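K.L.:
I would like the atomic coordinates for the input below:
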Amino acid sequence: MINNTLVWMDNVVNIILGVFMIARKVLTFLVVIFMTIRIANAVMIVMIMMKISGEELVLSGTYQCMIRYAGDSLFLASTTWILATVWEVLALCLAALIAVKTLPSIIGKWFTVLVQTHVSCFAR
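P.N.:
Next up is the predicted model:
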């Protein structure tokens, strides 16, 4: 439960931070992809939970849990991981693109401030 909340919070923060750095069309694309993947994952998880069965056994004083997957539960579980990975790769590529585009301006500003402070220090 907490892990799920952290994942959602991470994704929402990524989208909100993207508002300030990318164009509106790209943001719309990201929100659509994000919601599509999240809804598809939720539906697949519900389908998995409907087909899964668990059993608790006590053997020689130890508790053993047996989980039985019926139908295509394993395939659906793999699909949820694949969709989540696609979202993360897309977010990583976009973050790298933003970093590459903004890095020269950040370095230029940093270098300008560095030169100005050195000039003001050594001009005295």
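K.L.:
Show me what counts as buried in stretch 62-80.
P.N.:
Of all the residues in stretch 62-80, those buried under the rule 16 or more other Cβ atoms under 10 Å are Ser73, Leu76, Thr80. C-beta: built from backbone N, CA, C; applies to glycine.
K.L.:
Quickly find the element holding the second one.
P.N.:
Element membership for Leu76 (DSSP states H and E) is helix 73-122.
K.L.:
any idea of the pLDDT on Thr28?
P.N.:
Thr28 carries a pLDDT score of 75 in this model.
K.L.:
what about it, distance to Met35?
P.N.:
Noted for Thr28: a distance of 11 Å to Met35, by Cβ to Cβ, to the nearest Å.
K.L.:
One more: Ser53?
P.N.:
Per Cβ to Cβ, Ser53 is found 31 Å from Met35.
K.L.:
so what's Glu55 bridging to?
P.N.:
Met66 (DSSP bridges).
K.L.:
contacting residues around it?
P.N.:
Cys65, Met66, Ile67, Arg68 (Cβ atoms under 8 Å, 6 or more residues apart in numbering).
K.L.:
which one among those gets closest to Lys101?
P.N.:
Of all those, the one with the least separation from Lys101 (Cβ to Cβ) is Ile67, at 47.0 Å.
K.L.:
Which residue, neighbours along the chain excluded, lies closest to the closest one?
P.N.:
If the residues on either side of it in the chain are set aside, Ile67 comes closest to Gly54, at 5.0 Å by Cβ to Cβ, 6 or more residues apart in numbering.
K.L.:
Met66 is in contact with the one you found, correct?
P.N.:
Yes. Gly54 is within contact range of Met66, at 6.9 Å (criterion: Cβ atoms under 8 Å).
K.L.:
Touching both of those two, which residues are there?
P.N.:
Counting by Cβ under 8 Å, 6+ apart, nothing touches both Gly54 and Met66.
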